[in-house]
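Enquirer: Fold the stuff below for me.
(one chain, ligands or ions: 1)
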Amino acid sequence: MLSVRWAQASDVGRVRQVNEDACFGSERLFAVADGMGGHAAGDVASQLAIAAIEQLAGQPEIEVADLLATVQLANAQILRAAAEQPAYGGMGTTLTGLAVVQVSGREHWAVFNVGDSRVYRYAEATLRQLTVDHSAVQELVDAGQLTDSQARHHPRRNVVTRSLGSDPAPLADVELYEPVLGDRLLLCSDGLTNELLDAEIAQVLQVLTDPAEVVAELVRRANQSGGRDNTTVVVVDVTAT
Ligand code: MG
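Expert: Numbering: from 1, shown residues only. Below you'll find the predicted structure:
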């Protein structure tokens, strides 16, 4: 049976007044949400998304369909809250994460994503992004009109093309992976990836063993680099399969 060791950290950064990110971790379900919307409404949206994830974590078993249903449910709850409270109008959030699901009687990771928060896998000294950003710059990169490094500095780099809080509801990407002993999974908001290059992130994942130390160090480095956004990091180590 899959077992993990994990840690999470979420930090307001050095510029923002409010932390609009939220995250959740349990043995079998992990998620990061990065809210958007004025007057702290983004923080309501991300917390609604994470509350829906937390509820799902209470189920004895999770299937891919449950993840998709949870995204729909969270989307509906965000839309309802926005309709009831004018200050919440237009709020939204990313939602990304991973869950242990049963496929043909075997445990798999289901990596799910809406928006531009990310899940990475660090294995054999290589950091690989598992999620594909739903963002304006990713579309330009896919079309061959921008390089990855140009995308990092593009003025529209914060524009997401899919988020929770939209009508019609967004479709979540879901990919399945076999859990591998020794794998390290990283979930993060763009506050981390806008401040640190993948190579810097990989170096921290390489050097530090304890997930609690890893998340603290990644947040520290994001803040050292400017801390222009909220930074949220979850690290999950596979300790048995
Ligand atoms: Mg952000």
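Enquirer: make it CA atoms for all contacts and neighbour counts henceforth
Expert: OK.
Enquirer: Downstream of the helix or strand of the chain with the lowest mean pLDDT, the next helix or strand is which one?
Expert: The weakest-scoring helix or strand in the chain, judged by mean pLDDT, DSSP states H and E, is helix 148-153 (a mean of 88). Helices and strands here follow DSSP states H and E; after helix 148-153, the next one along the chain is strand 173-177.
Enquirer: how about the residues of this protein near the ion?
Expert: Proximity of the chain to the ion (CA under 5 Å from the ion) is limited to residues Asp190, Gly191.
Enquirer: and Leu181, how many neighbours?
Expert: By other CA atoms under 10 Å, 15 other residues sit near Leu181.
Enquirer: now the strands: where do they sit in the chain?
Expert: 3-11, 21-25, 29-36, 92-93, 95-103, 106-114, 118-123, 126-129, 173-177, 184-188, 231-240 (DSSP state E).
Enquirer: returning to what we had before: what residues of the least confident helix or strand of the chain count as buried?
Expert: Ala151, Arg152 (16 or more other CA atoms under 10 Å).
Enquirer: try stretch 154-162
Expert: Arg157, Val160, Thr161, Arg162.
Enquirer: With only the CA atoms kept, save it in CSV.
Expert: Written as CSV, here are the backbone C-alpha positions of stretch 154-162 (Å, rounded to 0.1, in the frame of the first residue of the first chain):
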residue,chain,number,x,y,z
HIS,A,154,5.7,38.1,-20.7
PRO,A,155,3.2,40.8,-19.5
ARG,A,156,0.3,38.4,-19.8
ARG,A,157,2.0,35.6,-17.8
ASN,A,158,-0.6,35.8,-15.0
VAL,A,159,-3.6,35.4,-17.3
VAL,A,160,-5.2,32.0,-16.8
THR,A,161,-7.5,30.5,-19.4
ARG,A,162,-9.2,28.0,-17.1
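Enquirer: Might you quantify the distance of it from its chain's geometric centre?
Expert: Relative to its chain's centre, stretch 154-162 lies at 16 Å (CA atoms, centre = their mean, to the nearest Å).
Enquirer: List of residues touching that stretch?
Expert: Thr94, Val114, Gly115, Asp116, His134, Ser135, Ala136, Val137, Ala151, Pro170, Leu171 (CA atoms under 8 Å, 6 or more residues apart in numbering).
Enquirer: list the helices and strands the longest helix anywhere in the chain packs on?
Expert: In the chain, with assignment by DSSP state H, the single longest helix is helix 64-84. Applying 3 or more CA pairs under 8 Å, 6 or more residues apart in numbering; DSSP states H and E, one finds that helix 64-84 contacts helix 41-57.
Enquirer: switch the cut-off to 10 Å
Expert: If you count contacts as 3 or more CA pairs under 10 Å, 6 or more residues apart in numbering; DSSP states H and E, helix 64-84 packs onto helix 41-57, strand 92-93, strand 95-103, strand 106-114, strand 173-177.
Enquirer: so of those, which one's packed in deepest?
Expert: Most buried of those by mean neighbour count (mean count of other CA atoms under 10 Å) is strand 92-93; its value is a mean of 32.
Enquirer: Kind regards, and thank you for your time.
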